[in-house]
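In: Output the structure for:
(2 chains)
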Amino acid sequence: MSVLRRTCPTPVEARHFLIESEVHNVSMRNEVVDSQALSRLLRLATRNDRPAGSKHWSRSLGFGAQWAGDLDWRSALAALAPVSFLTIAGVWIEPIIKGPNLAVLYMLAVVFTALRWGRWAAVLSAISGALLFDYFFVPPYRSFSLSDVWYLITLIGLLSVGLLVSMLTLAAREEAAAARAREVQTAALYSLTKSLAAENDLDQILRVIGQHMFETFQTPIMMWMPGDGGLAIRYCNEEFAPNEVTRVAAEWVFESGQVAGYGTARFSDSRVYCLPLKTWRAVEGVLGVRVDNAKEWLAPQLRPLLETFANQAALAITRAVLAKEAQRIEVIQEADKLQKALLNSISHNLRTPLSSVTGALNSVLEDGTLLDVSTQRELLKTAQEEARRLNQLLQNLLDMTRLEGGILHLKTELHDIQDAVGAALEQLATVAQQRPITISIPPNLPLVRMDFVPIVQVLVNLLDNALKYSPVDAPIEVGAALDANQVQIRVADSGKGIPEQYLQRVFEKFFRGAPAEAPGGAGLGLSICKGLVEAHHGRIWAQRREQGGTEVIFSLPL
Amino acid sequence: MIEKMDNPGPRVLIVDDEVAIRRFLRPSLVAHGYSVYEASSGEEALQIVPASRPDIIILDLCLPGMGGTEVIRCLREWTQTPIIILSVEGEESVKIAALDAGADDYLTKPFGPGELLARIRASLRRVIKPEGEPVFTAGDLTVNLAERVVRLRETEVQLTPTEYSLLKTLVAHANKLLTHRQLVREVWGGAHYEDAPHLLRVNISNLRRKIETEPSRPRYIITEPGVGYRLRTETPSPKVI
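Out: The predicted structure is shown next:
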């Protein structure tokens, strides 16, 4: 009862209530939504529609729950007070103002009672007022009989005014309550919209919707979304466990775009009311609301609000789905671009050495008799070298695929840089053997946490470039040094050097300098180095040397 | 598919499903005096081995049906015939598994016959080396196992007990590729395997500083990236300026 009184206040109490909810809101430091107030209002609205025959008989007459509190004997006494007071006072003032004029005062008392205590009090007041007036002030005095028919009109007027005023009061109050409910609903929707606007991730959006709806409707919420394996529950308040009927209902809703489940024509066995999350695009999913209290569910105010929530939810979901799709398309386009470049690179860079190999072998096989032994040997050596290049190219392509595909899983352990340099030179033994290479690695260099094989690959690529882009007799330098909390490894050649404007671009995929200065290669070597070094949280860069040539340096954190 | 050649030299069994590989290996091996047997699958190889008694087996790891590692396990149940595996780049874990299962060495495709012949020679030499040979020599390096003395040219090299134990293990399996796990087991007994890879690398590094003239371009202790180490006895040292 006290809750009802609080939620459906008399004017005085209403002010309290407002202040209370303001305080509540301030303390929440949040959106203006007083969700509990809303649900209380919704409940109140529902109760107005309860069928007759309940204990509180007043409700069945449609007076609203707020009047119930006035109907105990105390309120009845209160309602009788003004007329009684007036009657006692009237005995004294009657000689001065005369009987009929006294009727106007009674009317005022009824109006006051109606305003103060509502309709039933007004009726009580009007009837008792009429009777008292008749008994005390209408001749013959001290009797209920009427001597003049005009007094009857006075009594009827007294009753009608009382009832009319009380009805108007009630209407105004209900209007105010409805306005308040609307305001709270609007605030709830505003809060939802605002929260949703900040989210872009689908799961996050579903969580926001679920939480807001749970707060607003005070009942478990769940959402189904289409996935790979058909419709699946994507969000759910924990206490929610749907049964088989509900699942089928949700699927039907998703297919048909119509409501189903509790209280509808279809799947009414389910305790869950299922709405489609429908937008201009498609049915994005299904929203389920568990109906715990059947009677509350009948509230006419509830459905439109629920539908509005569902619409907002559907729009937000569509937005997330579209954003994700756009992102996917972008990735696909990027991959497509890469694939085209890759195909270009493969068709060009693989065919070139392959045609050298084929050409050399064909010459030896077909014109063997015409060629002297040393020429034949020369041709075969060309084939051998080109085949080696082909192999390296394939290795680079594979490395790149691994890097791009995210298949690279580093197994980092503490390793000796010197060992890595040695292993790289060992791999390049056939081409590096006759080249002057100086190595300077301080013996006290600490071990570095790294995955050995990829770092050897980086060194092989850098050394291979240095060997490729510098004259046969030009020295190549390999060095390592400790620099604060990292180790820097440098590979330097004395070749022509990379033009200043390309120093950064050489690490881009498929970037190659002017064709004349690049003796083959897919433009992958350095970009692979970059990928591998960065996977180690290191950095790689190139610079021109003062005495000519290029220096590529990479750092690995200790 | 047994094709015996009228050749008294060591017998080599090639197990590879690629006809092209077998076709290119056969002439070079025959030319160097080996008898060549061929098998195109692991199952076939297991059938042939007891009859043909090869001195060495060249085994492709990527075979249809029974995998290479499985073949090695089956063979190692009854024979210690050296096995050289063939694999492609970037399959370190597969290589390690095969080596731990008992393979002696590996070659990465593509490879030349020269490389293969060198590996075959090294493996065969290991098998036929006389037992109890107390002095090991490779280039300038001499290890006297009886006296526990290591010399580089004529200078004696001071090694810690662990370094010596490591070198001794490498010497005992000279030219054989030893995986990290195998080395750790031999040297540390596998008792504290957690720190062992780290200890192994530190000791290899120190050992190289003591016995290699150019530790960054080692001549004796060769790193097989991601797999292990081997002690190399032949191959001319690369020219370094």
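In: Helix or strand for the closest residue to A:Ser143 other than its chain neighbours, just tell me which one.
Out: What sits nearest to A:Ser143 in space, not counting adjacent residues and going by Cβ to Cβ, 6 or more residues apart in numbering or on different chains, is A:Tyr135, at 7.0 Å. Any C-beta I mention is one placed from the backbone N, CA and C, and that applies to glycine too. Using DSSP states H and E, A:Tyr135 falls within helix A:119-137.
In: Just want the angle from the helix or strand following that helix to helix A:119-137.
Out: Sequence order places helix A:149-197 as the next helix or strand after helix A:119-137, per DSSP H and E. If you take axes from the mean of the first three to the mean of the last three Cα atoms, to 10 degrees, helix A:149-197 sits at 160 degrees to helix A:119-137.
In: The helix holding A:Tyr135 - contacts with which helices or strands?
Out: helix A:73-97, helix A:99-117, helix A:149-197 (3 or more Cβ pairs under 8 Å, 6 or more residues apart in numbering or on different chains; DSSP states H and E).
In: winner for burial among the ones you listed?
Out: Comparing the helices and strands packed on helix A:119-137 by mean neighbour count (mean count of other Cβ atoms under 10 Å in any protein chain shown), helix A:99-117 comes out on top with a mean of 20.
In: how deep is the closest residue to chain B within the stretch 101-250 of chain A tucked in, by neighbour count?
Out: In the stretch 101-250 of chain A, the residue that lies nearest chain B is A:Asp228 (31.3 Å; Cβ to the nearest Cβ). A:Asp228 has 5 neighbouring residues, counting by other Cβ atoms under 10 Å in any protein chain shown.
In: before we move on, what about B:Gln47?
Out: With other Cβ under 10 Å as criterion, B:Gln47 counts 13.
In: residues contacting the closest residue to it other than its chain neighbours?
Out: Of all residues not flanking B:Gln47 in the chain, B:Ala39 sits nearest, at 7.9 Å (Cβ to Cβ, 6+ apart). By Cβ atoms under 8 Å, 6 or more residues apart in numbering or on different chains, the residues touching B:Ala39 are B:1, B:13-15, B:45, B:47-48.
In: make it 6 Å
Out: Applying Cβ atoms under 6 Å, 6 or more residues apart in numbering or on different chains to B:Ala39 gives the contacts B:15, B:45, B:48.
In: contacting residues around the last one?
Out: To tie it back to what came earlier, the one meant is B:Ile48. With Cβ under 6 Å, 6+ apart, B:Ile48 has these contacts: B:Ala39.
In: one step back: tell me which residues are up against the helix holding A:Tyr135.
Out: Identification of contacts with helix A:119-137 by Cβ under 6 Å, 6+ apart yields A:63, A:70-71, A:79-80, A:83, A:87, A:99, A:102, A:106, A:110, A:113-114, A:144, A:155, A:158-159, A:162, A:166, A:170.
In: what do you get for stretch B:77-93?
Out: Residues external to stretch B:77-93 that are found in contact with it (Cβ under 6 Å, 6+ apart): A:395, B:56-61, B:72, B:95, B:98, B:103-109, B:119, B:123, B:226-227.
In: Strands - which of these land there?
Out: B:56-60, B:105-109 (DSSP state E).
In: contacting residues for the residue nearest to the spatial centre of chain B?
Out: The centre of chain B sits closest to B:Lys176, judged by Cα atoms, centre = their mean, with a distance of 2.8 Å. By Cβ under 6 Å, 6+ apart, B:Lys176 lies in contact with B:Asp104.
In: Which member of the contacts of B:Ala39 is positioned nearest chain A?
Out: B:Val15 (22.9 Å).
In: Give the burial count for the closest one, as a bare number.
Out: Neighbours of B:Val15 (other Cβ under 10 Å): 28.
In: now the strands for chain A?
Out: A:221-227, A:230-236, A:260-261, A:272-278, A:283-290, A:413-415, A:437-440, A:448-450, A:476-483, A:486-492, A:539-544, A:550-557.
In: To A:Gly531, which of the ones you listed lies closest?
Out: strand A:539-544 (9.5 Å; Cβ to Cβ).
In: which of the residues in the closest one are buried?
Out: A:540, A:542 (16 or more other Cβ atoms under 10 Å in any protein chain shown).
In: Centre of the chain to the lengthiest helix in chain A, how far?
Out: If you go by DSSP state H, chain A has its longest helix at helix A:302-367. Centroid displacement of helix A:302-367 relative to its chain, using Cα atoms, centre = their mean, to the nearest Å, is 27 Å.
In: what do you get for stretch A:394-405?
Out: That offset, for stretch A:394-405, works out to 36 Å (Cα atoms, centre = their mean).
In: what does chain B put close to chain A?
Out: Contact residues (Cβ under 6 Å from any Cβ of the partner chain) of chain B with chain A: B:89, B:110, B:197-198, B:201, B:205, B:215-218, B:223, B:225-226, B:238, B:241.
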